[in-house]
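> Provide a 3D model corresponding to the input given below.
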Amino acid sequence: MAIQSSYLILLSRQGKVRLAKWFTTLSPKEKAKIIKDVSQLVLARRTRMCNFLEYRGKGDLFNF
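A predicted model of the protein is given here:
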């Protein structure tokens, strides 16, 4: 069974969004909350950790 992503977000190590692709319709408020939460998760990770992570089982994130 394939899992479909709801969004794809690329963040820099400084927390700047480089790309945000949304595959489902979300309100701007929901998008802002997801980006804020994801930025906090990414910035808290060690540099040697895997660059891919899953947030609430709905999206794929890549931090560089």
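
> so, low pLDDT: which residues of the chain?
Counting by pLDDT under 70, the chain has low-confidence residues at 1-4, 57-64.

> break down it into its helices, ranges please.
Along the chain, counting by DSSP state H, helices occupy 28-44.

> at which residues are the strands of it located?
7-11, 17-22, 52-55, 59-63 (DSSP state E).

> mind checking the ones you listed for the one nearest to Lys33?
Closest approach to Lys33 among these (Cβ to Cβ): strand 52-55, 10.9 Å. To be clear about C-beta, it is placed using only N, CA and C from the backbone, and glycine gets the same treatment.

> could you name the helices and strands sitting against that closest one?
helix 28-44, strand 59-63 (3 or more Cβ pairs under 8 Å, 6 or more residues apart in numbering; DSSP states H and E).

> do you know which of these lies nearest Tyr7?
Nearest of the helices and strands packed on strand 52-55 (Cβ to Cβ): strand 59-63, 4.2 Å.

> pick the most deeply packed of the helices and strands packed on strand 52-55.
strand 59-63 (a mean of 19; mean count of other Cβ atoms under 10 Å).

> check the offset of stretch 33-41 from the chain's centre.
Centroid separation for stretch 33-41 versus its chain: 7 Å, with Cα atoms, centre = their mean, to the nearest Å.

> tell me which residues are up against that stretch.
Stretch 33-41 is contacted by residues Tyr7, Ile9, Leu11, Gly15, Val17, Ala20, Leu26, Leu53, Tyr55, Gly59, Leu61 when judged by Cβ atoms under 8 Å, 6 or more residues apart in numbering.

> once you drop chain neighbours, what's closest to Leu8?
Lys21 (4.5 Å; Cβ to Cβ, 6 or more residues apart in numbering).

> how close does Phe23 get to Ser6?
Relative to Ser6, Phe23 is positioned 6 Å away (Cβ to Cβ, to the nearest Å).
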